[in-house]
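Colleague: fold the following.
(one chain, ligands or ions: 1)
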Amino acid sequence: MSVEELRRVAVAGSAVRAAEAPLLAAGRGPAMMRDAAWALAEHAAALLRARGPVAGTTVAALVGPGNNGGDALFALAFLRRRGVAAVAVPVRHDDDGAPRWHAEGWAALRAAGGRRADAVPAAAALVIDGMLGTGFAGELTLPPAARALPRDAVVLACDVPSGVDADTGEVRGEALRADATVTFGALKTGLLVGEGAALAGEVHPVDIGLGPQLPTSPAARLRLADEAAVRAAHPAPAPDAHKYTRGLVAVAAGSPRYPGAAVLSCSGALHAGAGMVHHAGPEATRDRVLAEHPEALVSTEGPAPDRADAWVAGPGLDTQDDARRRWEGVLSALAERPEAALVADASALELVTAAQLRALREAGTPVVLTPHAGEWARLRERLPADGADAADPLAALRAWSAAHGATVLLKGPRTLTVQPDGEAWLVADGGPELAMGGTGDVLAGALGAVLAADVARRSRARRAGQAPGPVPTAALAAAAAWLHARAGAEQARAGRLTTRTLPAALGAVTARLWRAGDEDGRTRG
Ligand SMILES: NC(=O)C1=CN([C@@H]2O[C@H](COP(=O)(O)OP(=O)(O)OC[C@H]3O[C@@H](n4cnc5c(N)ncnc54)[C@H](O)[C@@H]3O)[C@@H](O)[C@H]2O)[C@H](O)CC1
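Modeller: Numbering: from 1, shown residues only. Below you'll find the model as predicted:
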(Lines give C-alpha, C1' and ligand atoms only; values in the text may rest on other atoms or scores of the structure.)
Protein backbone atom coordinates (compact mmCIF):
# COMPACT_ATOMS: atom_id res chain seq x y z
CA MET A 1 0.00 0.00 0.00
CA SER A 2 1.56 3.30 -1.06
CA VAL A 3 1.83 6.14 1.44
CA GLU A 4 -0.74 8.00 -0.65
CA GLU A 5 -3.10 5.05 -0.47
CA LEU A 6 -2.36 4.80 3.27
CA ARG A 7 -4.25 8.06 3.62
CA ARG A 8 -7.23 6.93 1.58
CA VAL A 9 -7.88 3.36 2.70
CA ALA A 10 -8.70 2.15 6.20
CA VAL A 11 -8.59 -1.39 7.48
CA ALA A 12 -9.66 -2.93 10.77
CA GLY A 13 -7.24 -2.71 13.68
CA SER A 14 -7.27 -6.51 13.86
CA ALA A 15 -6.13 -6.61 10.21
CA VAL A 16 -3.17 -4.40 11.11
CA ARG A 17 -2.28 -6.73 13.97
CA ALA A 18 -2.47 -9.66 11.56
CA ALA A 19 -0.23 -7.77 9.13
CA GLU A 20 2.26 -7.05 11.92
CA ALA A 21 2.45 -10.71 13.03
CA PRO A 22 4.80 -12.10 10.35
CA LEU A 23 7.09 -9.11 10.71
CA LEU A 24 7.16 -9.52 14.48
CA ALA A 25 7.89 -13.21 14.03
CA ALA A 26 10.77 -12.21 11.77
CA GLY A 27 12.15 -10.06 14.60
CA ARG A 28 11.15 -6.72 13.02
CA GLY A 29 9.25 -5.64 16.16
CA PRO A 30 11.92 -3.37 17.67
CA ALA A 31 12.54 -1.63 14.31
CA MET A 32 8.81 -1.14 13.77
CA MET A 33 8.45 0.21 17.26
CA ARG A 34 11.28 2.69 16.70
CA ASP A 35 9.65 3.83 13.44
CA ALA A 36 6.31 4.24 15.21
CA ALA A 37 7.89 6.05 18.17
CA TRP A 38 9.87 8.36 15.91
CA ALA A 39 6.73 9.36 13.99
CA LEU A 40 4.85 9.86 17.25
CA ALA A 41 7.64 12.12 18.53
CA GLU A 42 7.66 14.05 15.25
CA HIS A 43 3.93 14.77 15.50
CA ALA A 44 4.23 15.68 19.16
CA ALA A 45 7.02 18.15 18.32
CA ALA A 46 4.90 19.62 15.50
CA LEU A 47 1.97 20.13 17.86
CA LEU A 48 4.28 21.79 20.41
CA ARG A 49 5.95 23.94 17.73
CA ALA A 50 2.53 25.27 16.73
CA ARG A 51 2.28 26.71 20.24
CA GLY A 52 5.84 27.88 20.81
CA PRO A 53 9.34 26.52 21.35
CA VAL A 54 9.70 22.76 21.81
CA ALA A 55 12.75 22.73 24.06
CA GLY A 56 11.91 23.40 27.66
CA THR A 57 8.30 22.23 27.43
CA THR A 58 7.04 19.31 29.47
CA VAL A 59 5.58 16.27 27.74
CA ALA A 60 4.05 13.41 29.68
CA ALA A 61 2.85 10.00 28.56
CA LEU A 62 0.25 7.75 30.13
CA VAL A 63 1.96 4.41 29.65
CA GLY A 64 0.18 1.09 29.47
CA PRO A 65 1.64 -2.39 29.93
CA GLY A 66 1.93 -3.36 26.25
CA ASN A 67 3.67 -2.32 23.07
CA ASN A 68 1.45 0.74 22.78
CA GLY A 69 3.16 1.94 25.94
CA GLY A 70 6.48 0.93 24.39
CA ASP A 71 5.86 3.29 21.49
CA ALA A 72 5.09 6.09 23.93
CA LEU A 73 8.23 5.49 26.04
CA PHE A 74 10.54 5.50 23.02
CA ALA A 75 8.78 8.62 21.72
CA LEU A 76 9.46 10.36 25.04
CA ALA A 77 13.12 9.37 24.71
CA PHE A 78 13.25 10.97 21.24
CA LEU A 79 11.56 14.11 22.58
CA ARG A 80 13.97 14.24 25.50
CA ARG A 81 16.76 14.65 22.98
CA ARG A 82 14.98 17.78 21.74
CA GLY A 83 15.19 19.37 25.16
CA VAL A 84 11.73 18.37 26.28
CA ALA A 85 11.15 17.49 29.95
CA ALA A 86 9.85 13.93 29.42
CA VAL A 87 7.73 12.29 32.10
CA ALA A 88 6.38 8.73 31.96
CA VAL A 89 3.29 7.93 34.05
CA PRO A 90 2.70 4.16 34.40
CA VAL A 91 -1.00 3.20 34.61
CA ARG A 92 -0.50 -0.48 35.52
CA HIS A 93 1.67 -1.83 38.33
CA ASP A 94 2.79 -5.23 39.53
CA ASP A 95 1.89 -6.47 43.00
CA ASP A 96 5.14 -5.07 44.34
CA GLY A 97 4.20 -1.61 43.03
CA ALA A 98 6.71 -1.64 40.19
CA PRO A 99 5.37 -0.20 36.91
CA ARG A 100 4.18 -2.81 34.42
CA TRP A 101 5.49 -1.41 31.14
CA HIS A 102 7.85 -1.94 28.21
CA ALA A 103 11.24 -2.47 29.84
CA GLU A 104 13.36 -1.46 26.85
CA GLY A 105 11.27 1.63 26.32
CA TRP A 106 11.69 2.71 29.93
CA ALA A 107 15.45 1.97 29.77
CA ALA A 108 15.74 4.15 26.66
CA LEU A 109 13.83 7.00 28.30
CA ARG A 110 15.86 6.83 31.51
CA ALA A 111 19.10 6.78 29.49
CA ALA A 112 17.92 9.93 27.71
CA GLY A 113 17.27 11.66 31.04
CA GLY A 114 13.54 11.17 31.25
CA ARG A 115 11.79 10.50 34.52
CA ARG A 116 8.80 8.68 35.96
CA ALA A 117 5.93 10.18 37.96
CA ASP A 118 2.70 8.94 39.44
CA ALA A 119 0.65 11.73 37.87
CA VAL A 120 0.85 13.99 34.82
CA PRO A 121 2.67 17.18 35.88
CA ALA A 122 0.55 20.36 35.83
CA ALA A 123 3.19 21.87 33.51
CA ALA A 124 2.60 19.26 30.81
CA ALA A 125 1.83 20.99 27.50
CA LEU A 126 1.19 17.70 25.74
CA VAL A 127 0.13 14.27 26.96
CA ILE A 128 0.69 11.12 24.90
CA ASP A 129 -1.99 8.47 25.42
CA GLY A 130 0.06 5.27 25.34
CA MET A 131 -2.24 3.24 27.57
CA LEU A 132 -3.95 0.99 25.03
CA GLY A 133 -3.76 0.50 21.29
CA THR A 134 -4.89 -2.40 19.13
CA GLY A 135 -4.54 -4.73 22.07
CA PHE A 136 -7.55 -3.24 23.82
CA ALA A 137 -10.06 -5.89 24.86
CA GLY A 138 -13.11 -5.95 27.09
CA GLU A 139 -13.94 -2.64 28.75
CA LEU A 140 -11.80 0.22 29.98
CA THR A 141 -12.07 2.14 33.21
CA LEU A 142 -9.79 5.13 32.93
CA PRO A 143 -7.05 5.08 35.60
CA PRO A 144 -6.82 8.04 38.02
CA ALA A 145 -3.80 9.48 36.17
CA ALA A 146 -5.91 9.81 33.00
CA ARG A 147 -8.61 11.74 34.83
CA ALA A 148 -6.40 14.55 36.03
CA LEU A 149 -4.81 16.00 32.90
CA PRO A 150 -3.82 19.69 32.76
CA ARG A 151 -6.78 21.57 31.26
CA ASP A 152 -4.81 23.10 28.38
CA ALA A 153 -2.69 20.08 27.58
CA VAL A 154 -2.95 18.67 24.05
CA VAL A 155 -3.74 14.94 24.03
CA LEU A 156 -1.99 12.90 21.33
CA ALA A 157 -3.19 9.29 21.05
CA CYS A 158 -0.66 6.63 20.19
CA ASP A 159 -2.18 4.45 17.44
CA VAL A 160 -5.74 4.46 18.85
CA PRO A 161 -7.37 6.53 21.61
CA SER A 162 -7.46 4.25 24.67
CA GLY A 163 -10.86 2.64 25.13
CA VAL A 164 -11.75 2.74 21.42
CA ASP A 165 -12.15 -0.51 19.49
CA ALA A 166 -9.77 -0.21 16.51
CA ASP A 167 -12.12 -2.30 14.32
CA THR A 168 -15.49 -0.73 15.01
CA GLY A 169 -14.94 2.62 16.69
CA GLU A 170 -17.01 1.35 19.58
CA VAL A 171 -16.23 2.59 23.09
CA ARG A 172 -16.67 -0.03 25.79
CA GLY A 173 -16.60 1.60 29.21
CA GLU A 174 -14.56 4.83 29.07
CA ALA A 175 -12.19 6.32 26.54
CA LEU A 176 -9.72 9.18 26.45
CA ARG A 177 -10.56 11.85 23.86
CA ALA A 178 -7.58 12.93 21.74
CA ASP A 179 -6.85 16.13 19.84
CA ALA A 180 -4.90 14.03 17.35
CA THR A 181 -4.01 10.39 16.76
CA VAL A 182 -0.85 9.03 15.13
CA THR A 183 -1.78 5.58 13.85
CA PHE A 184 0.71 2.99 12.61
CA GLY A 185 0.73 0.75 9.58
CA ALA A 186 -2.62 1.86 8.17
CA LEU A 187 -5.64 4.03 8.88
CA LYS A 188 -7.84 2.01 11.19
CA THR A 189 -11.58 1.75 10.59
CA GLY A 190 -12.26 2.38 14.28
CA LEU A 191 -10.79 5.88 13.90
CA LEU A 192 -13.24 6.79 11.14
CA VAL A 193 -16.59 5.31 12.20
CA GLY A 194 -18.63 5.08 15.39
CA GLU A 195 -17.53 6.99 18.47
CA GLY A 196 -13.90 6.50 17.50
CA ALA A 197 -14.28 9.10 14.73
CA ALA A 198 -15.15 11.78 17.27
CA LEU A 199 -12.58 10.71 19.86
CA ALA A 200 -9.54 10.41 17.56
CA GLY A 201 -9.25 14.07 16.57
CA GLU A 202 -7.02 14.67 13.54
CA VAL A 203 -5.75 11.29 12.35
CA HIS A 204 -2.22 10.88 10.92
CA PRO A 205 -1.42 7.46 9.42
CA VAL A 206 2.26 6.43 9.48
CA ASP A 207 3.85 3.86 7.23
CA ILE A 208 5.86 1.26 9.15
CA GLY A 209 6.27 -1.13 6.23
CA LEU A 210 3.11 -3.21 6.59
CA GLY A 211 1.91 -2.45 3.06
CA PRO A 212 2.40 -5.87 1.40
CA GLN A 213 0.84 -7.61 4.40
CA LEU A 214 -2.35 -5.53 4.50
CA PRO A 215 -5.63 -6.95 3.12
CA THR A 216 -6.54 -6.06 -0.47
CA SER A 217 -10.11 -7.39 -0.74
CA PRO A 218 -12.89 -4.78 -1.15
CA ALA A 219 -14.69 -6.21 1.88
CA ALA A 220 -11.67 -5.66 4.10
CA ARG A 221 -11.11 -2.00 3.24
CA LEU A 222 -12.90 1.29 3.80
CA ARG A 223 -12.09 3.82 1.11
CA LEU A 224 -12.18 7.54 1.82
CA ALA A 225 -13.88 9.75 -0.77
CA ASP A 226 -11.82 12.71 -1.92
CA GLU A 227 -11.76 14.96 -4.97
CA ALA A 228 -9.71 12.58 -7.14
CA ALA A 229 -11.97 9.63 -6.33
CA VAL A 230 -15.11 11.69 -6.94
CA ARG A 231 -13.86 12.90 -10.30
CA ALA A 232 -13.04 9.32 -11.28
CA ALA A 233 -16.58 8.25 -10.40
CA HIS A 234 -18.33 11.32 -11.84
CA PRO A 235 -16.14 12.69 -14.64
CA ALA A 236 -16.93 15.80 -16.67
CA PRO A 237 -19.08 15.21 -19.77
CA ALA A 238 -17.19 14.09 -22.86
CA PRO A 239 -16.39 16.89 -25.36
CA ASP A 240 -18.93 15.44 -27.81
CA ALA A 241 -21.59 14.86 -25.13
CA HIS A 242 -25.23 15.66 -25.72
CA LYS A 243 -28.17 15.72 -23.30
CA TYR A 244 -28.88 11.99 -23.58
CA THR A 245 -25.27 10.85 -23.25
CA ARG A 246 -25.09 12.72 -19.95
CA GLY A 247 -27.92 10.66 -18.52
CA LEU A 248 -31.66 11.14 -18.13
CA VAL A 249 -32.96 11.06 -14.57
CA ALA A 250 -36.62 10.18 -13.99
CA VAL A 251 -37.88 11.58 -10.69
CA ALA A 252 -40.93 9.99 -9.05
CA ALA A 253 -41.15 12.33 -6.09
CA GLY A 254 -43.44 14.91 -4.53
CA SER A 255 -47.17 14.98 -4.05
CA PRO A 256 -49.90 17.61 -3.53
CA ARG A 257 -49.04 17.35 0.15
CA TYR A 258 -45.26 17.55 -0.34
CA PRO A 259 -44.69 19.33 -3.66
CA GLY A 260 -41.32 20.74 -2.64
CA ALA A 261 -39.68 17.29 -2.60
CA ALA A 262 -40.22 17.03 -6.35
CA VAL A 263 -38.57 20.41 -6.95
CA LEU A 264 -35.62 19.70 -4.67
CA SER A 265 -34.98 16.23 -6.12
CA CYS A 266 -35.12 17.55 -9.69
CA SER A 267 -32.86 20.45 -8.70
CA GLY A 268 -30.35 18.09 -7.15
CA ALA A 269 -30.24 16.02 -10.32
CA LEU A 270 -29.86 19.00 -12.64
CA HIS A 271 -27.14 20.67 -10.56
CA ALA A 272 -25.19 17.40 -10.32
CA GLY A 273 -24.96 17.44 -14.10
CA ALA A 274 -27.89 15.36 -15.40
CA GLY A 275 -28.40 15.80 -19.15
CA MET A 276 -32.16 15.62 -18.73
CA VAL A 277 -34.61 15.40 -15.85
CA HIS A 278 -38.11 14.02 -16.35
CA HIS A 279 -40.46 14.45 -13.39
CA ALA A 280 -43.23 11.89 -13.03
CA GLY A 281 -45.94 13.23 -10.74
CA PRO A 282 -49.34 14.87 -10.27
CA GLU A 283 -50.24 18.22 -11.81
CA ALA A 284 -49.54 20.05 -8.52
CA THR A 285 -45.90 19.02 -8.57
CA ARG A 286 -45.43 19.16 -12.34
CA ASP A 287 -46.29 22.87 -12.35
CA ARG A 288 -43.93 23.57 -9.44
CA VAL A 289 -41.05 21.74 -11.08
CA LEU A 290 -41.56 23.56 -14.41
CA ALA A 291 -41.76 26.91 -12.63
CA GLU A 292 -38.36 26.23 -11.08
CA HIS A 293 -36.80 24.37 -14.00
CA PRO A 294 -38.33 25.10 -17.41
CA GLU A 295 -35.68 22.75 -18.84
CA ALA A 296 -37.26 19.78 -17.08
CA LEU A 297 -39.73 17.41 -18.75
CA VAL A 298 -42.87 16.55 -16.81
CA SER A 299 -45.68 14.02 -17.15
CA THR A 300 -47.86 11.88 -14.93
CA GLU A 301 -46.09 8.58 -15.55
CA GLY A 302 -42.59 9.75 -16.49
CA PRO A 303 -40.39 8.97 -19.51
CA ALA A 304 -40.59 5.94 -21.74
CA PRO A 305 -38.71 3.18 -19.87
CA ASP A 306 -36.01 2.95 -22.53
CA ARG A 307 -35.22 6.64 -22.00
CA ALA A 308 -34.53 6.68 -18.26
CA ASP A 309 -30.94 5.97 -17.21
CA ALA A 310 -31.84 6.26 -13.52
CA TRP A 311 -34.99 6.55 -11.45
CA VAL A 312 -35.21 8.50 -8.18
CA ALA A 313 -38.21 7.27 -6.21
CA GLY A 314 -39.59 8.17 -2.82
CA PRO A 315 -39.02 11.75 -1.69
CA GLY A 316 -42.30 13.36 -0.63
CA LEU A 317 -44.65 10.65 -1.88
CA ASP A 318 -48.03 10.95 -0.25
CA THR A 319 -50.42 8.40 1.20
CA GLN A 320 -49.59 4.74 1.17
CA ASP A 321 -51.91 3.97 -1.76
CA ASP A 322 -50.65 6.75 -4.00
CA ALA A 323 -47.07 6.09 -3.02
CA ARG A 324 -47.39 2.37 -3.62
CA ARG A 325 -48.97 2.91 -7.07
CA ARG A 326 -46.17 5.27 -8.13
CA TRP A 327 -43.48 3.02 -6.62
CA GLU A 328 -44.78 0.03 -8.53
CA GLY A 329 -44.86 2.15 -11.68
CA VAL A 330 -41.13 2.80 -11.24
CA LEU A 331 -40.45 -0.92 -10.77
CA SER A 332 -42.41 -1.69 -13.93
CA ALA A 333 -40.34 0.82 -15.91
CA LEU A 334 -37.12 -0.67 -14.53
CA ALA A 335 -38.27 -4.17 -15.47
CA GLU A 336 -38.32 -2.92 -19.07
CA ARG A 337 -34.80 -1.46 -18.83
CA PRO A 338 -32.92 -3.35 -16.08
CA GLU A 339 -29.60 -1.59 -16.73
CA ALA A 340 -31.09 1.69 -15.54
CA ALA A 341 -30.27 2.48 -11.90
CA LEU A 342 -32.61 3.08 -8.98
CA VAL A 343 -32.38 5.43 -6.00
CA ALA A 344 -34.87 4.45 -3.29
CA ASP A 345 -35.27 7.23 -0.73
CA ALA A 346 -37.77 8.28 1.97
CA SER A 347 -41.21 6.68 1.32
CA ALA A 348 -39.65 4.08 -1.00
CA LEU A 349 -37.65 2.78 1.98
CA GLU A 350 -40.93 1.99 3.72
CA LEU A 351 -42.40 0.39 0.59
CA VAL A 352 -39.60 -1.73 -0.86
CA THR A 353 -39.91 -5.46 -0.19
CA ALA A 354 -37.31 -8.21 -0.02
CA ALA A 355 -38.92 -9.82 -3.07
CA GLN A 356 -38.65 -6.58 -5.06
CA LEU A 357 -34.98 -6.22 -4.09
CA ARG A 358 -34.40 -9.85 -5.10
CA ALA A 359 -36.03 -9.26 -8.49
CA LEU A 360 -33.96 -6.09 -9.05
CA ARG A 361 -30.78 -7.97 -8.11
CA GLU A 362 -31.61 -10.83 -10.47
CA ALA A 363 -32.29 -8.32 -13.25
CA GLY A 364 -28.90 -6.68 -12.61
CA THR A 365 -30.40 -3.28 -11.75
CA PRO A 366 -28.03 -1.14 -9.67
CA VAL A 367 -30.02 -0.13 -6.58
CA VAL A 368 -29.01 2.41 -3.92
CA LEU A 369 -31.09 2.89 -0.79
CA THR A 370 -30.48 6.14 1.04
CA PRO A 371 -31.68 5.87 4.64
CA HIS A 372 -30.84 8.16 7.50
CA ALA A 373 -30.20 6.49 10.87
CA GLY A 374 -33.88 6.15 11.80
CA GLU A 375 -34.88 4.80 8.39
CA TRP A 376 -31.92 2.39 8.56
CA ALA A 377 -33.11 1.01 11.89
CA ARG A 378 -36.64 0.53 10.50
CA LEU A 379 -35.34 -1.03 7.27
CA ARG A 380 -33.25 -3.59 9.15
CA GLU A 381 -36.22 -4.40 11.35
CA ARG A 382 -38.66 -4.71 8.46
CA LEU A 383 -36.24 -6.50 6.12
CA PRO A 384 -33.86 -8.37 8.46
CA ALA A 385 -30.59 -9.98 7.45
CA ASP A 386 -28.13 -12.12 9.40
CA GLY A 387 -25.39 -9.94 10.90
CA ALA A 388 -27.18 -6.68 10.11
CA ASP A 389 -27.68 -5.98 13.81
CA ALA A 390 -23.91 -5.90 14.48
CA ALA A 391 -22.61 -3.09 16.71
CA ASP A 392 -19.98 -2.41 14.06
CA PRO A 393 -21.73 -0.06 11.61
CA LEU A 394 -19.66 -1.24 8.68
CA ALA A 395 -20.22 -4.93 9.41
CA ALA A 396 -23.97 -4.34 9.77
CA LEU A 397 -24.14 -2.50 6.44
CA ARG A 398 -22.06 -5.15 4.68
CA ALA A 399 -24.27 -7.95 5.99
CA TRP A 400 -27.54 -6.27 4.97
CA SER A 401 -26.24 -5.18 1.56
CA ALA A 402 -24.90 -8.65 0.75
CA ALA A 403 -28.17 -10.29 1.85
CA HIS A 404 -30.46 -7.98 -0.13
CA GLY A 405 -28.21 -7.24 -3.10
CA ALA A 406 -28.52 -3.47 -2.85
CA THR A 407 -26.07 -0.70 -2.10
CA VAL A 408 -26.82 1.31 1.04
CA LEU A 409 -25.88 4.97 1.46
CA LEU A 410 -26.27 5.56 5.20
CA LYS A 411 -26.63 9.31 5.67
CA GLY A 412 -25.07 11.09 8.62
CA PRO A 413 -22.25 13.45 9.61
CA ARG A 414 -20.00 10.66 8.28
CA THR A 415 -21.81 8.98 5.39
CA LEU A 416 -21.04 5.35 4.58
CA THR A 417 -21.81 3.68 1.26
CA VAL A 418 -21.60 -0.12 1.07
CA GLN A 419 -22.33 -2.43 -1.87
CA PRO A 420 -23.17 -6.17 -1.84
CA ASP A 421 -19.57 -7.36 -2.40
CA GLY A 422 -18.49 -5.41 0.67
CA GLU A 423 -16.76 -2.50 -1.04
CA ALA A 424 -17.29 0.49 1.26
CA TRP A 425 -16.66 4.20 1.11
CA LEU A 426 -16.67 6.90 3.77
CA VAL A 427 -17.57 10.53 3.12
CA ALA A 428 -16.28 12.44 6.12
CA ASP A 429 -16.96 15.92 4.75
CA GLY A 430 -20.57 16.31 5.98
CA GLY A 431 -21.55 18.65 8.73
CA PRO A 432 -24.54 19.78 10.81
CA GLU A 433 -25.44 22.37 8.15
CA LEU A 434 -27.09 19.53 6.21
CA ALA A 435 -29.28 18.50 9.13
CA MET A 436 -32.46 20.14 7.89
CA GLY A 437 -35.56 19.30 5.88
CA GLY A 438 -35.21 18.68 2.18
CA THR A 439 -31.47 18.09 1.98
CA GLY A 440 -32.13 14.36 1.55
CA ASP A 441 -34.32 15.15 -1.48
CA VAL A 442 -31.43 17.09 -3.02
CA LEU A 443 -29.01 14.22 -2.34
CA ALA A 444 -31.40 11.69 -3.88
CA GLY A 445 -31.58 13.77 -7.05
CA ALA A 446 -27.81 14.28 -7.18
CA LEU A 447 -27.28 10.55 -6.71
CA GLY A 448 -29.71 9.90 -9.57
CA ALA A 449 -27.61 12.14 -11.80
CA VAL A 450 -24.32 10.41 -10.90
CA LEU A 451 -25.84 6.97 -11.50
CA ALA A 452 -27.55 8.07 -14.73
CA ALA A 453 -24.30 9.49 -16.09
CA ASP A 454 -22.55 6.18 -15.40
CA VAL A 455 -25.34 4.15 -17.02
CA ALA A 456 -25.41 6.42 -20.08
CA ARG A 457 -21.60 6.36 -20.38
CA ARG A 458 -21.50 2.58 -20.30
CA SER A 459 -24.42 2.22 -22.70
CA ARG A 460 -22.67 4.55 -25.14
CA ALA A 461 -19.41 2.63 -24.83
CA ARG A 462 -21.16 -0.67 -25.46
CA ARG A 463 -22.81 0.76 -28.57
CA ALA A 464 -19.30 1.71 -29.71
CA GLY A 465 -18.18 -1.89 -29.18
CA GLN A 466 -16.25 -1.17 -26.00
CA ALA A 467 -16.75 -2.98 -22.70
CA PRO A 468 -15.90 -0.50 -19.92
CA GLY A 469 -15.61 -1.96 -16.43
CA PRO A 470 -18.37 -0.73 -14.10
CA VAL A 471 -17.57 1.91 -11.53
CA PRO A 472 -18.45 0.37 -8.14
CA THR A 473 -21.92 1.56 -7.15
CA ALA A 474 -20.64 2.37 -3.66
CA ALA A 475 -18.08 4.70 -5.25
CA LEU A 476 -20.79 6.40 -7.34
CA ALA A 477 -22.93 6.83 -4.23
CA ALA A 478 -19.98 8.23 -2.32
CA ALA A 479 -19.35 10.70 -5.13
CA ALA A 480 -22.89 12.06 -4.82
CA ALA A 481 -22.59 12.24 -1.03
CA TRP A 482 -19.27 14.08 -1.38
CA LEU A 483 -20.77 16.69 -3.76
CA HIS A 484 -23.68 17.10 -1.33
CA ALA A 485 -21.42 17.41 1.72
CA ARG A 486 -19.15 19.93 0.02
CA ALA A 487 -22.20 21.92 -1.09
CA GLY A 488 -23.42 22.06 2.50
CA ALA A 489 -20.05 23.27 3.71
CA GLU A 490 -19.96 25.87 0.94
CA GLN A 491 -23.44 27.07 1.95
CA ALA A 492 -22.39 27.37 5.57
CA ARG A 493 -19.30 29.36 4.64
CA ALA A 494 -21.40 31.70 2.52
CA GLY A 495 -23.92 32.15 5.32
CA ARG A 496 -26.71 30.59 3.26
CA LEU A 497 -28.49 28.15 5.49
CA THR A 498 -31.59 26.98 3.64
CA THR A 499 -32.12 23.87 1.55
CA ARG A 500 -33.52 26.02 -1.24
CA THR A 501 -30.04 27.23 -2.22
CA LEU A 502 -28.32 23.89 -1.64
CA PRO A 503 -28.79 22.61 -5.23
CA ALA A 504 -27.06 25.67 -6.68
CA ALA A 505 -24.19 25.19 -4.23
CA LEU A 506 -23.98 21.58 -5.34
CA GLY A 507 -23.85 22.77 -8.93
CA ALA A 508 -20.94 25.07 -8.08
CA VAL A 509 -19.06 22.17 -6.43
CA THR A 510 -19.70 19.95 -9.47
CA ALA A 511 -18.53 22.63 -11.90
CA ARG A 512 -15.39 23.25 -9.86
CA LEU A 513 -14.67 19.51 -9.67
CA TRP A 514 -14.88 19.20 -13.43
CA ARG A 515 -12.95 22.41 -14.09
CA ALA A 516 -10.13 21.19 -11.85
CA GLY A 517 -10.10 17.97 -13.85
CA ASP A 518 -9.84 19.93 -17.09
CA GLU A 519 -7.03 22.08 -15.74
CA ASP A 520 -5.07 18.96 -14.75
CA GLY A 521 -5.74 17.54 -18.21
CA ARG A 522 -7.47 14.54 -16.74
CA THR A 523 -9.51 12.34 -19.07
CA ARG A 524 -13.18 13.18 -19.52
CA GLY A 525 -16.02 10.72 -18.99
N1 LIG B 1 4.23 -5.06 18.02
C2 LIG B 1 5.02 -4.14 17.45
O3 LIG B 1 6.19 -4.28 17.21
C4 LIG B 1 4.40 -2.88 17.15
C5 LIG B 1 3.33 -2.53 17.93
N6 LIG B 1 2.86 -1.31 17.85
C7 LIG B 1 2.11 -0.76 18.95
O8 LIG B 1 1.68 -1.79 19.82
C9 LIG B 1 0.28 -1.75 20.01
C10 LIG B 1 -0.23 -3.14 20.18
O11 LIG B 1 0.50 -3.62 21.26
P12 LIG B 1 -0.09 -4.76 22.22
O13 LIG B 1 0.90 -4.97 23.30
O14 LIG B 1 -0.50 -5.92 21.41
O15 LIG B 1 -1.41 -4.16 22.83
P16 LIG B 1 -1.64 -2.83 23.68
O17 LIG B 1 -0.35 -2.20 23.99
O18 LIG B 1 -2.65 -2.07 22.97
O19 LIG B 1 -2.29 -3.34 25.06
C20 LIG B 1 -2.12 -4.62 25.48
C21 LIG B 1 -2.08 -4.61 27.00
O22 LIG B 1 -3.18 -3.93 27.54
C23 LIG B 1 -3.94 -4.79 28.37
N24 LIG B 1 -5.36 -4.52 28.17
C25 LIG B 1 -6.10 -4.87 27.11
N26 LIG B 1 -7.39 -4.46 27.27
C27 LIG B 1 -7.43 -3.83 28.47
C28 LIG B 1 -8.47 -3.20 29.22
N29 LIG B 1 -9.73 -3.17 28.76
N30 LIG B 1 -8.18 -2.67 30.44
C31 LIG B 1 -6.91 -2.71 30.90
N32 LIG B 1 -5.85 -3.31 30.24
C33 LIG B 1 -6.13 -3.86 29.05
C34 LIG B 1 -3.56 -6.19 27.95
O35 LIG B 1 -3.66 -7.03 29.04
C36 LIG B 1 -2.11 -6.01 27.50
O37 LIG B 1 -1.26 -6.11 28.58
C38 LIG B 1 -0.23 -1.03 18.82
O39 LIG B 1 -1.43 -0.35 19.11
C40 LIG B 1 0.88 -0.04 18.52
O41 LIG B 1 0.77 1.11 19.31
C42 LIG B 1 3.15 -0.45 16.70
O43 LIG B 1 2.25 -0.72 15.70
C44 LIG B 1 4.57 -0.62 16.24
C45 LIG B 1 4.92 -2.10 16.04
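Colleague: how close does the residue nearest in space to the middle of the chain sit to P413?
Modeller: Centroid check for the chain by C-alpha atoms, centre = their mean gives L426 as the closest residue, at 1.7 Å. The gap separating L426 from P413 is 11 Å, by C-beta to C-beta, to the nearest Å. Any C-beta I mention is one placed from the backbone N, CA and C, and that applies to glycine too.
Colleague: which neighbours do those two share?
Modeller: Here L426 and P413 have no joint contacts, going by C-beta atoms under 8 Å, 6 or more residues apart in numbering.
Colleague: my read: the residue nearest to the centre of the chain touches A225, true?
Modeller: Yes. L426 lies in contact with A225 (C-beta atoms under 8 Å); the separation is 6.8 Å.
Colleague: mutual contacts of those two, please.
Modeller: What both L426 and A225 touch, as defined by C-beta under 8 Å, 6+ apart, is the set A478.
Colleague: now do the phi/psi pair for the residue in the stretch 251-400 of the chain positioned nearest to the ligand.
Modeller: As assessed by C-beta to the nearest ligand atom, the ligand sits closest to A391 within the stretch 251-400 of the chain, at 16.2 Å. Main-chain dihedrals, A391, degrees, to the nearest 10: phi -70, psi -30.
Colleague: would you agree it is in contact with E170?
Modeller: Yes. The pair A391 and E170 qualifies as a contact (C-beta under 8 Å) at a distance of 5.6 Å.
Colleague: if you count surrounding residues, which of the two has more?
Modeller: More neighbours surround E170 than the other of A391 and E170, with 18 against 12 (other C-beta atoms under 10 Å).
Colleague: residues contacting stretch 292-306, please?
Modeller: 248, 250-252, 263, 266-267, 270, 276-282, 286, 289-290, 308, 311, 329-330, 332-334, 336-337, 340.
Colleague: returning to what we had before: measure the residue of the stretch 251-400 of the chain closest to the ligand to P294 for me?
Modeller: 50 Å.
Colleague: ok, E336 next?
Modeller: For E336 relative to P294 (C-beta to C-beta), the value is 28 Å.
Colleague: same check, this time on A489
Modeller: In terms of C-beta to C-beta, A489 sits 30 Å off from P294.
Colleague: for the two, indicate the residue with more neighbours.
Modeller: Counted by other C-beta under 10 Å, A489 and P294 do not tie: A489 has more neighbours, with 17 against 7.
Colleague: which SS state does the residue nearest to G105 when sequence neighbours are not counted fall under?
Modeller: Nearest in space to G105, with sequence neighbours left out and distances taken as C-beta to C-beta, 6 or more residues apart in numbering, is L73 at 2.9 Å. Secondary structure assignment for L73 (DSSP: H, G, I helix; E, B strand; the rest coil): helix.
Colleague: need the contact list for G254.
Modeller: 260-263, 265, 279, 281-282, 284-285, 288-289, 315-317.
Colleague: just the buried residues out of those, in ChimeraX syntax.
Modeller: Buried residues within these, by 16 or more other C-beta atoms under 10 Å, are selected in ChimeraX with:
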select :260,261,262,263,265,279,281,282,285,288,289,315,316,317
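Colleague: for the contacts of G254, which one is nearest L383?
Modeller: L317 (18.5 Å; C-beta to C-beta).
Colleague: isn't that closest one up against A344?
Modeller: No. In terms of C-beta under 8 Å, L317 does not count as a neighbour of A344; the distance is 11.1 Å.
Colleague: list the buried ones in stretch 307-321?
Modeller: For stretch 307-321, by 16+ other C-beta under 10 Å, it's R307, A308, D309, A310, W311, V312, A313, G314, P315, G316, L317.
Colleague: just to revisit the earlier point, what pLDDT does the residue nearest to G105 get?
Modeller: For L73, the model assigns a pLDDT of 98.
Colleague: swap in P468?
Modeller: P468 is assigned a predicted lDDT (pLDDT) of 80.
Colleague: mind listing what it touches?
Modeller: R457, R458, A461.
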